[in-house]
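Enquirer: Structure, please.
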Amino acid sequence: MSDEHIEPKLLDMPVEIAEQILEKLPFPVAKQDKRIEGGNFVKIAFKDLELLLNRVYRLHFAINAKNKTAHDFVTPLMEVLKAKKCVHATELTFWSFSFNDIISILQFFDDQVLKRIEILCTERIDHIERIFDLPQWKNASNFELRGTVFNHEHIEQLFHFKEFQIALDEFSIQDARKLKDDLMERSTFQKCTISEFPNGNRIEIVRVFWPEYNGNYHHNNFIHSFDSSSFRIICDHYFYGNTLKWEFTIERL
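Expert: Purely as a prediction, here's the structure:
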C-alpha cells in the first residue's frame, strides 16, 4: 500500500460536499488555481465559478481579447452571472476584456459591496462615459485603469473615488486646477496617480500647486497645505522605451 498523502482540493469535490465545507468556513475562501487538462475546460471552470461566487470577495478575470475563443469565454460567464443575479464581491479586475463586456459584467455586482475596479485594456476605450451612470462606478472607492488612456475631458468623473490611478491622453493646466480646487477639497479623497503625460506643460502644471517651482528635476517632491489638510505632491519622470514620460501623484498626509 502506498504511503502517499492525498489532499483533496475543494474544487475537485462533489458540489454538495464543497458547499457544506464553504458554509462552515469562518473566513473568505483563499485564492484557488486549477489546471484542467483536456475536455470541456470552459464548462468545468464555470461550474467551479458558480459554486464559489457565493463566498468570493475578490474576482480577477483575465482573457486574451485577440483570441478567437474570447466570445466563448464571455458567454458562459454571463450565463453564470445571470443565474446568480447579484454577486457580492469587494474587488473586481478585468484583464483584456472588451469595454462592452466590462459594462455588461459590472451590472451583476452588488454596487453597495463593490469597492475596487481595476481594468487592463490594451485598446483605446471609445465612449467611456457609458460606465459613468452605473451605480457600481458611482459607489466604488478605488479605480485603476492600465494599458490605455483616460479621456481628460472626463477627469471630474473620477473625483468621487478615494483613490485612482490612470494615464491621461492629455494633462492640461485646467485639469490641474480642477485637481487643486475640487478634488483636493473633498474629505473623501486620499490619493491619485496620473501617468504618461508629455513633458510640454510639466512646469506649468506643478506651478498650479507650487508657484515658485523652477523646473529643477531634483525638486519634484513637495508638501502642499491649505486649511487643515496637507498633501504630498510628486512629479517624477521615467522612460518608456526611448520616450520620456511623467507621473504626477497627489497623496493626503
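Enquirer: For the closest residue in space to Arg252 that isn't next to it in sequence, grab phi and psi.
Expert: Ranked by CB to CB, 6 or more residues apart in numbering and with sequence neighbours excluded, the top spatial neighbour of Arg252 is Gln190, at 5.2 Å. Backbone N, C-alpha and C define where each C-beta goes, glycine included. Here is the backbone geometry of Gln190 (degrees, to the nearest 10): phi -120, psi -50.
Enquirer: residue contacts, Gln190?
Expert: Gln190 makes contact with Lys162, Glu163, Glu251, Arg252, according to CB atoms under 8 Å, 6 or more residues apart in numbering.
Enquirer: Can you go through those and name the buried ones?
Expert: Buried residues within the contacts of Gln190, counting neighbours by 16 or more other CB atoms under 10 Å: Lys162, Glu163, Arg252.
Enquirer: who are the neighbours of the longest helix seen in the chain, in terms of helices and strands?
Expert: Among the segments of the chain that qualify as a helix by DSSP state H, the longest is helix 70-84. In this structure, helix 70-84 packs against helix 41-52, helix 99-106, with contacts taken as 3 or more CB pairs under 8 Å, 6 or more residues apart in numbering; DSSP states H and E.
Enquirer: angle of it against helix 99-106?
Expert: Helix 70-84 and helix 99-106 are oriented at 20 degrees to each other (axes from the mean of the first three to the mean of the last three CA atoms, to 10 degrees).
Enquirer: any idea how far Arg116 is from Glu144?
Expert: With distances taken as CB to CB, to the nearest Å, Arg116 is found 8 Å from Glu144.
Enquirer: before we move on, what about Leu77?
Expert: To Glu144, Leu77 is 21 Å away according to CB to CB.
Enquirer: which of the two has more neighbours?
Expert: Shown here are Leu77 and Glu144; by other CB atoms under 10 Å, Leu77 has more neighbours (21 against 16).
Enquirer: Met184 versus the residue nearest to Arg252, what's the distance?
Expert: Distance from Gln190 to Met184, counting by CB to CB: 11 Å.
Enquirer: what touches both of those two?
Expert: Applying CB under 8 Å, 6+ apart, one finds that no residue jointly contacts Gln190 and Met184.
Enquirer: helix or strand right after the longest helix of the chain?
Expert: Next helix or strand after helix 70-84 toward the C-terminus (DSSP states H and E): strand 91-95.
Enquirer: Give me the distance between the two termini of stretch 146-164.
Expert: One end of stretch 146-164 sits 11 Å from the other (CA to CA, to the nearest Å).
Enquirer: ugh, wrong one, stretch 112-121
Expert: So stretch 112-121: terminal residues 25 Å apart, CA to CA.
Enquirer: residues in contact with that stretch?
Expert: Residues outside stretch 112-121 that contact it (CB under 8 Å, 6+ apart) are 88-97, 99, 102, 106, 136-137, 139-148.
Enquirer: Run through the strands of this structure in chain order.
Expert: Using DSSP state E, the strands found in the chain span residues 58-62, 91-95, 116-120, 142-146, 163-167, 191-197, 221-226, 229-240, 243-252.
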